[in-house]
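Q: need a 3D model of the following:
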Amino acid sequence: MTASGEAPRGPFRIGDRVQLTDPKGRLQTVTLRDGGELHTHHGVLRHESIVGHDDGSVVVNSAGHEYLALRPLLRDFVLSMPRGAAIVYPKDAAQIVAQADVFPGSVVVEAGVGSGALSLSLLRAVGDRGTLVSFERRPEFAEVAAANVSTFLGVEPENWEIVLGDLVDALPSRFAAGAVDRVVLDMLAPWECIDVVAEALLPGGVVICYVATATQLSRVAEYVRGTGLFTEPEASETMLRGWHVDGLSVRPDHRMVAHTGFLLTARRLAPGTVTPERKRRGSKATGTDEDVELWTPGAVGDREITAKNLRKRLRDAQRASDAVRSAGAEARPEAN
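A: Sure, this is the predicted structure:
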């Protein structure tokens, strides 16, 4: 794939990632290599037998077991890739791109990078002419994200940079005032970064915050209002419910992807602008630090990833990245 997220077209070739689905709906994803084979208890599928088939073809292994072969979509990759931090689910990534109006050629700041799931959607949205700069405090998360992005795209995007460090300290030195079009904050306490974000955004630019709890949502909304530098913040959440459709049997799925996070969006006002005072009912003061502490991931039962588990996921991500890039190099001997 290209840095803009364009999927390769035409018949499968060496270096392509292929998603194989068996009759029971079980998935296997492979990177096509010279001499490569997929071994299962149903037989052996040689990669060479997939090469040359069109996307959406059925291929057969040595035991006559059939697989539907498709290039994986971005959502398929995101849901199966190695994770350091929790991912932004495709339903939320789509809303972030839409609500923030991330456009081709835009300059976008993301903090933090997590496992790279949202970075992939943002890179696709900014295109080859745009720029994405992702800030991340934890180097091990940055490594997982970098490996995942290069695995999916097949290259290290030239228009993407990961900056290690705290956004409050690093953003002013990386961008001049008014140089950023969009800012996406995916962190525990986004209100701590609003002041430097306001400085970096151009007038009319968008900040969008992704938070997990209602207490965080309330606090960041009140902070954004209190600065007087943004439009009235808008909050939402996205729930995705699938449907079972089989003949006359049409009903909602028994399970759905419900709450994953809240989105809060606001736009930067021009310097010196004072908006008309908004009449609204009185509300309690912004939550205290003690309030927020009660709603941290650890306090509500979220399990922190262990260092050992994180190292394993990093190895998995790097192996996948190395396999894709190695297969791509083998398919392009003239580039060596």
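Q: from now on I want contacts and neighbour counts done on CA atoms only, so please keep to that.
A: Will do.
Q: show the pLDDT at the closest residue to residue 121 other than its chain neighbours.
A: Closest residue to residue 121 apart from its sequence neighbours, by CA to CA, 6 or more residues apart in numbering: residue 93 at 6.7 Å. In this model, residue 93 is scored at 96, pLDDT.
Q: what do you get for the one 4 residues further on?
A: Reading off the per-residue confidence, residue 97 sits at a pLDDT of 98.
Q: just to revisit the earlier point, how about the residue nearest to residue 121, secondary structure?
A: Going by DSSP: H, G, I helix; E, B strand; the rest coil, the secondary structure assigned to residue 93 is helix.
Q: and it, how many neighbours?
A: Neighbours of residue 93 under the rule other CA atoms under 10 Å: 20.
Q: and it, how close does it get to residue 116?
A: Distance of residue 93 to residue 116, given as CA to CA, to the nearest Å: 11 Å.
Q: same check, this time on residue 40
A: According to CA to CA, residue 40 and residue 116 sit 30 Å apart.
Q: and those two? Which one has more around it.
A: Counted by other CA under 10 Å, residue 40 and residue 116 do not tie: residue 116 has more neighbours, with 30 against 9.
Q: against residue 307, how distant is the spatially closest residue to the more buried one that is not a sequence neighbour?
A: Setting aside the residues directly before and after it, residue 116 is nearest to residue 145 in space (CA to CA, 6+ apart), at 4.2 Å. Per CA to CA, residue 145 is found 16 Å from residue 307.
Q: dump the residue contacts of the spatially most central residue of the chain.
A: Geometric centre of the chain, nearest residue: residue 118, 1.7 Å, by CA atoms, centre = their mean. Shown in contact with residue 118 (CA atoms under 8 Å, 6 or more residues apart in numbering): 87, 88, 93.
Q: test my guess that the first one contacts residue 119.
A: The one in question is residue 87. No - with contact defined as CA atoms under 8 Å, residue 87 and residue 119 do not form a contacting pair (10.3 Å).
Q: quick one, which of these two is more surrounded?
A: Each of residue 87 and residue 119 has its neighbours counted (other CA under 10 Å); residue 119 has more, 26 against 19.
Q: which helix or which strand is home to the more buried one?
A: Assigned by DSSP states H and E, residue 119 belongs to helix 117-126.
Q: kindly report the same for residue 182.
A: Judged by DSSP H and E, residue 182 forms part of strand 180-186.
Q: list the strands paired with that strand, with their directions.
A: The pairing partners recorded for strand 180-186 under DSSP bridges are strand 107-111 (parallel), strand 201-211 (parallel).
Q: show me where pLDDT drops low in this structure?
A: 1-7, 279-304, 328-336 (pLDDT under 70).
Q: go with 80
A: 1-8, 83-86, 277-316, 322-336 (pLDDT under 80).
Q: break it into its domains for me.
A: 1-72, 76-270+286-293 (automatic domain parsing).
Q: out of these, which is the most enclosed?
A: Burial of the domains of the chain is given as mean neighbour count (mean count of other CA atoms under 10 Å); domain 76-270+286-293 ranks first at a mean of 19.
Q: chain center to that domain: distance?
A: Once both centres are worked out by CA atoms, centre = their mean, to the nearest Å, domain 76-270+286-293 turns out to sit 8 Å from its chain's centre.
Q: start the count at 8, not 1, going forward
A: Right, with 8 as the first residue, what we last looked at is domain 83-277+293-300.
Q: related to what we said a few turns ago, quick one, which of the domains of the chain gets closest to residue 333.
A: Closest approach to residue 333 among the domains of the chain (CA to CA): domain 8-79, 7.9 Å.
Q: looks to me like residue 205 is in a helix.
A: Yes - Residue 205: assigned to a helix according to three-state DSSP.
Q: ok, it - contacts?
A: Contacts of residue 205 by CA under 8 Å, 6+ apart are 236, 275.
Q: same question for residue 122.
A: Contacts of residue 122 by CA under 8 Å, 6+ apart are 89, 90, 91, 92, 93, 94, 148, 149, 151, 152, 155.
Q: try residue 321
A: 89, 90, 91, 147, 150, 151, 154 are the contacts of residue 321 under CA under 8 Å, 6+ apart.
Q: will you turn those into JSON lines that also has distance to residue 115 and secondary structure?
A: Formatted as JSON lines, those follow (distance: CA to CA, whole Å; DSSP: H, G, I helix; E, B strand; the rest coil):
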{"residue": "89", "distance to residue 115": "24", "secondary structure": "coil"}
{"residue": "90", "distance to residue 115": "23", "secondary structure": "coil"}
{"residue": "91", "distance to residue 115": "22", "secondary structure": "coil"}
{"residue": "147", "distance to residue 115": "22", "secondary structure": "helix"}
{"residue": "150", "distance to residue 115": "20", "secondary structure": "helix"}
{"residue": "151", "distance to residue 115": "20", "secondary structure": "helix"}
{"residue": "154", "distance to residue 115": "20", "secondary structure": "helix"}
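Q: closest to residue 71 among the residues you listed?
A: Within these, proximity to residue 71 (CA to CA) peaks at residue 89, which comes in at 31.3 Å.
Q: could you give the angle of the helix holding residue 126 to strand 187-193?
A: Helix 124-133 runs at 160 degrees relative to strand 187-193, counting by axes from the mean of the first three to the mean of the last three CA atoms, to 10 degrees.
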